[in-house]
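Student: let me see the structure of the following:
(chains A and B)
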Protein chains: 2
Amino acid sequence: MGDLVLTTYDWVPPPPRGFVRDIRVRWALEEAKLPYRVESVSFKERGPEHLAHQPFGQVPWLTDGDISIFESGAILLHLGERSEALMPRDPKGRAEVIEWLFAALNSVEMASLPWSLFKFSGQSEKRFDDFLKLRLDRLEPVVAKREWLAGSFSVSDILMADVLRLVDRFEGLAAHPATRDYLKRATARPAFVKAHADQIAHFAAADST
Amino acid sequence: MGDLVLTTYDWVPPPPRGFVRDIRVRWALEEAKLPYRVESVSFKERGPEHLAHQPFGQVPWLTDGDISIFESGAILLHLGERSEALMPRDPKGRAEVIEWLFAALNSVEMASLPWSLFKFSGQSEKRFDDFLKLRLDRLEPVVAKREWLAGSFSVSDILMADVLRLVDRFEGLAAHPATRDYLKRATARPAFVKAHADQIAHFAAADST
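Tutor: Model prediction:
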């Protein structure tokens, strides 16, 4: 285990600020109180060095000593292994966190991202409205009955909440009050508040250069 | 660690046969030569017992003794922990497998699933054509240079290949020959061939009852 370095873009246009995926990693690091520093890579020119760390030319990636990891899900799982504040150690609790972490990305975001893409462009596409509703209808009773997805707060909540933020941005949680409350609980955590402010400040700093 | 039981639907309509996600788990189990049995749950009526194991009413789920896991990604990761044939033990190799496992689901399938949904209905939607192309253009040089995504064959290849199968089904890999070759290498493995035949037989058996 070595120094933790989170790499994100040096700049992004205003609309995605606060939503760039480095926020997931910042949030987890703040929850775990792990020391880290943030480095930047060019948004406008994505060269071979960038692709060597993130083959799809996206951000973020994390280096932990000589290990470099891309994909926010993989990074959060890695941090979960480093901190009990992010993932419990017993096999059953661990399995529960991991299944919900994948559910956030592969069941909910798989439905919410296409939906958001249409919302960004002001259009509507019924099939993606329906796909998202199907998932939210199932998530609603789960988060109505429990504070966090898997026992105590974990990396699965960080991913699920961040996925839901983009739905809430377009008023997509209006018919799912328990899910909206769950999102509010998550984003009220001091670690999220700091992570979010840090991301906004990071991209704002680039405006003035 | 206990007996491994994979649960899938008792029946599905013909079009998705061979593509139901239990194939990912069957494939991994065959690769690892782990003994398992398959149980069925009703496709037509998804009751509380089903939702207790898989809150989104989907399949598959796996039980390993008293641990029950849903989400194909989480299940494959769990099996990876049980077998070195699916995931290496050294931290660097392990991190590499895990990042590619998430990449299959959250970078590639996130783009390919909306694309497939449009193809299923015979329509075309340029934004999803572009989204998928972006990902495949990045994946192509990676799989042109290496046999498998992360060192030797691993759970990340099972997920990536299964994600790509649904793209290939609609001729979506025509402009990405290295990716198509990678998919051919993966699906030529005896473990995939057996897993696929087993799934087809499982659903065909239900037709005659």
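
Student: what helices and strands are in contact with the helix or strand of chain A with the lowest mean pLDDT?
Tutor: Sorted by mean pLDDT, DSSP states H and E, the helices and strands of chain A end with helix A:109-120, the least confident at a mean of 89. Packed against helix A:109-120 by the contact rule (3 or more CB pairs under 8 Å, 6 or more residues apart in numbering or on different chains; DSSP states H and E) you find helix A:126-145, helix A:155-168, helix B:109-120, helix B:126-145. No exception for glycine: its C-beta is placed from N, CA and C like everyone else's.

Student: same thing but at 6 Å, please
Tutor: helix A:126-145, helix A:155-168, helix B:109-120 (3 or more CB pairs under 6 Å, 6 or more residues apart in numbering or on different chains; DSSP states H and E).

Student: from B:Ala161, how far out is the residue nearest the centre of chain A?
Tutor: When CA atoms, centre = their mean is applied to chain A, the residue found nearest the centroid is A:Arg24 (3.6 Å). To B:Ala161, A:Arg24 is 27 Å away according to CB to CB, to the nearest Å.

Student: A:Ile23 too?
Tutor: Distance from A:Ile23 to B:Ala161, by CB to CB: 31 Å.

Student: can you tell me, leaving aside adjacent residues, what's nearest to A:Thr8?
Tutor: A:Asp22 (3.8 Å; CB to CB, 6 or more residues apart in numbering or on different chains).

Student: oh sorry, the question was meant for A:Ser68
Tutor: Spatial nearest neighbour of A:Ser68, chain neighbours left out: A:His53 (5.4 Å); criterion: CB to CB, 6+ apart.

Student: isn't that neighbour right next to A:Thr63, touching?
Tutor: No: checked against CB atoms under 6 Å, the pair A:His53 and A:Thr63 is beyond contact range at 8.0 Å.

Student: intersection of neighbour lists for the two?
Tutor: Counting by CB atoms under 6 Å, 6 or more residues apart in numbering or on different chains, no residue touches both A:His53 and A:Thr63.

Student: hang on, A:Pro88 is in a helix, isn't it?
Tutor: No: per DSSP: H, G, I helix; E, B strand; the rest coil, A:Pro88 lies outside any helix segment and is coil.

Student: show me what contacts it?
Tutor: Contacts for A:Pro88 (CB under 6 Å, 6+ apart) come out as A:Arg94.

Student: tally of neighbours for A:Arg165?
Tutor: Counted with other CB atoms under 10 Å in any protein chain shown, the neighbours of A:Arg165 add up to 19.

Student: how far away is the residue nearest to the centre of chain A from A:Asp162?
Tutor: For A:Arg24, the distance to A:Asp162 equals 5 Å [CB to CB].

Student: now A:Asp129. Nearest residue, chain neighbours left out?
Tutor: Nearest one to A:Asp129, counting by CB to CB, 6+ apart, is A:Trp115 at 6.7 Å.

Student: ok, residues contacting the strand or helix carrying A:Glu30?
Tutor: Using DSSP states H and E, the element containing A:Glu30 is helix A:22-32. With CB under 6 Å, 6+ apart as the test, helix A:22-32 has contacts from A:6, A:8, A:36, A:59-60, A:72, A:75-76, A:79, A:83, A:85-86, A:155, A:158, A:162, A:191-192, A:194-195, A:198-199.

Student: which residues touch the next helix or strand after it?
Tutor: Following helix A:22-32 in sequence order, the next helix or strand is strand A:36-41 (DSSP H and E). Defining contact as CB under 6 Å, 6+ apart, one finds that strand A:36-41 is touched by A:4-7, A:10, A:29, A:50.

Student: got the buried residues for strand A:36-41?
Tutor: If you call a residue buried by 16 or more other CB atoms under 10 Å in any protein chain shown, then strand A:36-41 has these buried ones: A:36, A:38, A:41.

Student: likewise for stretch A:129-138?
Tutor: Residues A:131-132, A:135-136, A:138 are the ones in stretch A:129-138 that count as buried (16+ other CB under 10 Å).

Student: of those residues, list those near chain B.
Tutor: The subset of the buried residues of stretch A:129-138 within reach of chain B, by CB under 6 Å from any CB of the partner chain, is A:Arg138.

Student: for chain B, state which of the buried residues of stretch A:129-138 is nearest.
Tutor: Using CB to the nearest CB, A:Arg138 comes nearest to chain B of the buried residues of stretch A:129-138, at 4.7 Å.

Student: if I look at the nearest residue to the closest one once chain neighbours are set aside, what pLDDT would I see?
Tutor: Nearest residue to A:Arg138, sequence neighbours excluded (CB to CB, 6+ apart): B:Phe56, at 4.7 Å. Per-residue confidence (pLDDT) for B:Phe56: 95.

Student: A:Met1 too?
Tutor: At A:Met1 the predicted local distance difference test score is 60.

Student: and what of A:Gln123?
Tutor: For A:Gln123, the pLDDT comes out at 80.

Student: now do the one 4 residues further on
Tutor: At A:Arg127, the pLDDT value in this model is 85.

Student: again with the one 10 residues further on
Tutor: Per-residue confidence at A:Asp137 stands at 96 (pLDDT).

Student: and for it, nearest residue in space, chain neighbours not counted?
Tutor: Nearest one to A:Asp137, counting by CB to CB, 6+ apart, is A:His176 at 7.7 Å.

Student: what's the domain layout of chain A?
Tutor: A:4-85+A:191-207, A:91-189 (automatic domain parsing).

Student: using CSV, lay out those together with distance to B:Trp100.
Tutor: Below are these laid out as CSV (distance: least, CB to CB, whole Å):
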stretch, distance to B:Trp100
domain A:4-85+A:191-207, 8
domain A:91-189, 14
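
Student: same question for stretch A:155-162, mean pLDDT?
Tutor: On average, the pLDDT along stretch A:155-162 is 97.

Student: looking at the domains of chain A, spot the one closest to B:Pro14.
Tutor: Closest of the domains of chain A to B:Pro14 is domain A:91-189, at 21.4 Å (criterion: CB to CB).

Student: ends of that closest one, how far apart?
Tutor: Distance across domain A:91-189, first residue to last, is 26 Å (CA to CA, to the nearest Å).

Student: do stretch A:168-181 as well
Tutor: In stretch A:168-181, first residue to last residue: 11 Å (CA to CA).
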